[in-house]
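>>> Give me a 3D structure for the following:
(one chain, ligands or ions: 1)
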Amino acid sequence: MNRKAVLITRGILPEVVEALSKRFAVEHNAEDRPWAPEELAQHLRGKHGAMATVMDRFDEALLAQCPDLKVISNIAVGYNNIDVPAATRRGIRVTNTPGVLDDTTADLTWSLLMAAARRIAEADAYVRRGDWKIAFGVQYFLGQDIHHATLGIIGMGRIGQAVARRASGFDMRVLYNNRTRLAEADEKRLNARYADRDRLLAESDFVVVMAPYSPATHHLIGAAEIAKMKPTAILVNSARGGVVDDAALVDALRAKRIAGAGLDVFEGEPKVNPGYLDLRNVVMTPHIGSASRATRIVMCNTAAANMTAVLEGRDPPNPVN
Ligand code: DGY
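Purely as a prediction, here's the structure:
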């Protein structure tokens, strides 16, 4: 029997590749070098399924070169790398991995929030450089208190809610803004109050952006929004590059219009706006929100299950279209 052909576009966990190889003819980019669009198109030739990452752009031009493709299974909850309407028109199923990375991404979001508030990266660099000459200073690395502060979450989906849940340990007041307001019972459970965006920006000590990227959320936080924040506030973005206007944020951080930022995602990543690099009031990580070993295993297995279902004629557990 001819086995269906699948492509895994980046290096993933070997045990997942091994399991898939029992069912499918697998081509795996074990080298993990990201392919340029033309290379990706070449590797997709004759493939029925693709397990992909957010770095692989599936636009109309690429899909037109993949007549055999039946499913794009993103190893991610986000899918802004895929032109979903174009895939739908071609009868290609798109799937993602929701639910399995909420806690891990919320943990990283809090790591950035706390690192920015307490100037951890800056203090770490100071110790490493050998600049720590006097054991204790009353004015060393003064940061912001997290406990009893106001946390504002923009985008109250699953990950936003996981961020909110963690705030109770710090006795924080939680405001949120979302396209649709949560049910009263959920607001109670999360101890979170709905606020319009301007109020949230004006009253929050920490603003966490958790909205997915789309044309509607492009530069959701730009110069005008940052101007509404407190001068002592900290902005955290672990959602998607482009939701925050990086150039505007660099200007605001440089002028100390806000106190700091924690960023896991960037416009045009892996390129980072060079303006960030010499700023001490920003802490940055390279898009590692869901990067715990346990979560990445579950993400790979979930993506594999989605792709397998479609190729075996079943409905995938996590359909996008
Ligand atoms: C996601 O799941 O969308 C993460 O950003 C990883 O790509």
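
>>> next structured bit after the helix or strand hosting V236?
Assigned by DSSP states H and E, V236 belongs to strand 234-237. For strand 234-237, the succeeding helix or strand toward the C-terminus, using DSSP H and E, is helix 246-254.

>>> Which elements pack onto that following helix?
helix 223-227, strand 260-263 (3 or more Cβ pairs under 8 Å, 6 or more residues apart in numbering; DSSP states H and E). Using the backbone N, CA and C atoms, a C-beta is placed for each residue, glycine as well.

>>> list the buried ones in that helix?
D246, A248, L249, V250, A252, L253 (16 or more other Cβ atoms under 10 Å).

>>> the strands in this protein, which residues?
Along the chain, counting by DSSP state E, strands occupy 5-8, 25-28, 49-52, 71-74, 93-95, 150-154, 173-177, 192-194, 206-209, 234-237, 260-263, 282-284.

>>> next one: the fourth one to chain centre, how far?
To tie it back to what came earlier, the one meant is strand 71-74. Chain-centre distance of strand 71-74: 18 Å, with Cα atoms, centre = their mean, to the nearest Å.

>>> shift numbering so it begins at 520
Sure, I'll start counting at 520 from here, so that last one is strand 590-593.

>>> partner strands of it, parallel or antiparallel?
strand 568-571 (parallel), strand 612-614 (parallel) (DSSP bridges).

>>> Show me the helices in the stretch 570-719 of the chain, by range?
Using DSSP state H, counting those that start in this stretch, the helices of the stretch 570-719 of the chain run over residues 579-582, 603-608, 621-636, 639-647, 677-685, 703-709, 716-722.

>>> what sits against the spatially most central residue of the chain?
Centroid-nearest residue in the chain, with Cα atoms, centre = their mean: A758, separated by 3.8 Å. Counting by Cβ atoms under 8 Å, 6 or more residues apart in numbering, A758 makes contact with G674, I678, V728, M729, A730, P731, Y732, V784.

>>> any chance of these in TSV, with neighbour count, pLDDT and distance to the ligand too?
TSV is the format used below for the contacts of A758 (neighbours: other Cβ atoms under 10 Å; pLDDT from 0 to 100; distance: Cβ to the nearest ligand atom, whole Å):
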residue	neighbour count	pLDDT	distance to the ligand
G674	21	98	13
I678	28	98	9
V728	24	98	13
M729	27	97	11
A730	23	96	12
P731	16	95	8
Y732	20	96	9
V784	24	98	7
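
>>> List just the nearest of these to V693.
M729 (12.5 Å; Cβ to Cβ).

>>> isn't that closest one right up against G676?
Yes: in this structure, M729 is within contact of G676 by Cβ atoms under 8 Å, at 6.7 Å.

>>> So for these two, which residues contact both of them?
With Cβ under 8 Å, 6+ apart as the test, M729 and G676 reach no residue in common.

>>> What residues does this structure have near the ligand?
Within the chain, the positions lying close to the ligand (Cβ under 6 Å from any ligand atom) are V573, A595, V596, G597, L620, G808, S809.

>>> Redo those residues as JSON lines? Include pLDDT, neighbour count and distance to L588.
Shown next, in JSON lines, are the residues of the chain next to the ligand (pLDDT from 0 to 100; neighbours: other Cβ atoms under 10 Å; distance: Cβ to Cβ, whole Å):
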{"residue": "V573", "pLDDT": "95", "neighbour count": "20", "distance to L588": "18"}
{"residue": "A595", "pLDDT": "97", "neighbour count": "21", "distance to L588": "18"}
{"residue": "V596", "pLDDT": "97", "neighbour count": "23", "distance to L588": "21"}
{"residue": "G597", "pLDDT": "96", "neighbour count": "18", "distance to L588": "20"}
{"residue": "L620", "pLDDT": "98", "neighbour count": "24", "distance to L588": "25"}
{"residue": "G808", "pLDDT": "98", "neighbour count": "25", "distance to L588": "28"}
{"residue": "S809", "pLDDT": "98", "neighbour count": "24", "distance to L588": "25"}
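
>>> quick one: which two of these are the most distant?
The distance between the two most remote of the residues of the chain next to the ligand (Cβ to Cβ) is 12.3 Å, for V573 and L620.

>>> Need the strands paired with strand 590-593 in TSV (columns: mean neighbour count and mean pLDDT).
Shown next, in TSV, are the strands paired with strand 590-593 (neighbours: other Cβ atoms under 10 Å; pLDDT from 0 to 100):
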stretch	mean neighbour count	mean pLDDT
strand 568-571	26	98
strand 612-614	23	98
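
>>> mind giving me JSON lines with these and columns for distance to L796?
Shown next, in JSON lines, are the strands paired with strand 590-593 (distance: least, Cβ to Cβ, whole Å):
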{"stretch": "strand 568-571", "distance to L796": "30"}
{"stretch": "strand 612-614", "distance to L796": "36"}
